[in-house]
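Trainee: Here is a sequence with its predicted model. Questions after.
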Amino acid sequence: MVKSNLYKYLFFLHILLFVYSFNGLCVKVAAQYPFLSLGYCFFFGLAIGLLALLALGWQQVLKHMSLVTAYANRPIVIIWSVLWAVVFLGEYGALRPLPLVGLLLIVSGVYLVVTCRE
């Protein structure tokens, strides 16, 4: 595959994973509402919709890059999820030194897989 074409689909994959990262936030917010209330149904429906969007986009990405490369980029969702936990939910526990080292390892691994030749 041509490098520029690969980068185009990597960019699409990361946009897809960015949108998917809101799934955990939607579920956490839905859990704060009474069971089957309007808020509960809305946020769980949104979470299911994000999963459907991920499934459709994932199939399109796999048409253009190997499963190994695509799957190695999925841990980037953890970084987005930590950001959403801090920004939207005020959970600052993830900003301690050890979790930050883990996030650095994730970014390093994704970088190595993306820049390495197949």
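Mentor: Structure received. Note that the structure is predicted; figures quoted are calculated from it, not measured.

Trainee: for the protein, what spans make up the helices?
Mentor: Along the chain, counting by DSSP state H, helices occupy 3-20, 22-30, 38-62, 67-72, 76-89, 97-115.

Trainee: low-scoring pLDDT stretches of the protein, where are they?
Mentor: 1-4, 114, 117-118 (pLDDT under 70).

Trainee: residue contacts, the residue nearest the centre of the chain?
Mentor: Centroid check for the chain by C-alpha atoms, centre = their mean gives residue 77 as the closest residue, at 2.8 Å. Shown in contact with residue 77 (C-beta atoms under 8 Å, 6 or more residues apart in numbering): 17, 20-21. For every residue, glycine as well, the C-beta is placed using N, CA and C.

Trainee: Adding neighbour count and distance to residue 101, write those out as TSV.
Mentor: Converted to TSV, those look like this (neighbours: other C-beta atoms under 10 Å; distance: C-beta to C-beta, whole Å):
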residue	neighbour count	distance to residue 101
17	21	22
20	21	24
21	19	20
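
Trainee: hang on, the earlier thing: tell me which of the helices of the chain is the most buried.
Mentor: Sort these by mean neighbour count, taking mean count of other C-beta atoms under 10 Å, and helix 22-30 sits at the top with a mean of 18.

Trainee: how about it as CSV, C-alpha atoms only?
Mentor: Once non-C-alpha atoms are left out, helix 22-30 reads as follows in CSV (Å, rounded to 0.1, in the frame of the first residue of the first chain):
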residue,chain,number,x,y,z
PHE,A,22,-17.1,8.8,24.0
ASN,A,23,-18.8,5.5,24.4
GLY,A,24,-17.5,5.0,28.0
LEU,A,25,-18.5,8.5,28.9
CYS,A,26,-22.1,7.9,27.6
VAL,A,27,-22.4,4.7,29.6
LYS,A,28,-21.1,6.4,32.8
VAL,A,29,-23.5,9.3,32.4
ALA,A,30,-26.4,6.9,31.6
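
Trainee: Who are the contact partners of the nearest residue to residue 54 once chain neighbours are set aside?
Mentor: Closest residue to residue 54 apart from its sequence neighbours, by C-beta to C-beta, 6 or more residues apart in numbering: residue 20 at 4.5 Å. Contacts for residue 20 (C-beta under 8 Å, 6+ apart) come out as 50-51, 53-54, 77.
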